[in-house]
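Asker: Please find the sequence and the predicted model below.
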Amino acid sequence: MPTRITLPIRPEVAQTLRAGQSVLLDGEMLVFRDAGHKRLYESICQGAPAFDIAAETVYFMGPCPAREGEVIGSAGPTTSCRMDKYSPTLFDMGLAAQIGKGKRDQATIDAIARNRGVYFAAIGGAGAVYQRCITSAQVLCFDDLGTEAVRRICVRDFPAVVAIDCVGGNIYAD
């Protein structure tokens, strides 16, 4: 039976999660991938972050365009390792969780554990499943990036697996 988690994820909840545990996520999260991460990271390096990442959950996804009557298009995860160069900085700035697919590098794993964060694995190829979990979506910033703009979405019954927990448990290594 999956554990239901309300976002934003509270630190005391993140500390109870263990690698391999199935979850259902409800609440708000941010959605962006490569270009959005690069733009956010550049703004951080310039001393003026484009937005506050503290306590947020980021889903690595660039949605397909929505058809008429849909909130969003297909919403499957993208490969997480492409965001590894930015992830330690974001966790050190208070990021609570990330959602994507695939292994992470050691610096990211260390940052997750150091900051008591969590990395959830989403199911690759399940874009239509995740699309149905999204109840609202709005562009937060970097609108010029199109599908890679930063969005805030609201989800209900979003399935995931704890891939890396706050003590370094890792489904890819264990």
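Answerer: All right, it came through fine. Numbers count the residues shown, from 1 in each chain.
Asker: Following the chain past the longest helix along the chain, name the next helix or strand.
Answerer: Scanning the chain for the longest helix, with DSSP state H as the assignment, gives helix 34-45. Next along the chain after helix 34-45, taking DSSP states H and E as the criterion, comes strand 57-59.
Asker: Name the nearest residue to residue 110, ignoring sequence neighbours.
Answerer: Nearest residue to residue 110 in three dimensions, chain neighbours excluded: residue 88, at 7.4 Å (Cβ to Cβ, 6 or more residues apart in numbering). C-beta: built from backbone N, CA, C; applies to glycine.
Asker: how about residue 64, what does it touch?
Answerer: 73-75, 127, 147 (Cβ atoms under 8 Å, 6 or more residues apart in numbering).
Asker: Determine the number of other residues adjacent to the closest residue to residue 105 other than its chain neighbours.
Answerer: In this structure, residue 105 finds its nearest non-sequential neighbour in residue 84, 4.4 Å apart by Cβ to Cβ, 6+ apart. Residue 84: 17 surrounding residues under other Cβ atoms under 10 Å.
Asker: Pretty sure residue 153 sits in a helix.
Answerer: No. Assessed with DSSP: H, G, I helix; E, B strand; the rest coil, residue 153 is strand; it does not lie in a helix.
Asker: show me where the chain has helices.
Answerer: Using DSSP H, helices in the chain cover 11-14, 34-45, 87-92, 106-114, 127-133.
Asker: closest to residue 57 out of those helices?
Answerer: helix 11-14 (10.0 Å; Cβ to Cβ).
Asker: CA atoms only for that closest one, dumped as PDB, please.
Answerer: C-alpha atoms of helix 11-14 as PDB (Å, rounded to 0.1, in the frame of the first residue of the first chain):
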ATOM      1  CA  PRO A  11      11.200  17.500   6.800                       C
ATOM      2  CA  GLU A  12       9.700  15.200   9.500                       C
ATOM      3  CA  VAL A  13       7.900  13.300   6.700                       C
ATOM      4  CA  ALA A  14      10.900  13.100   4.400                       C
END
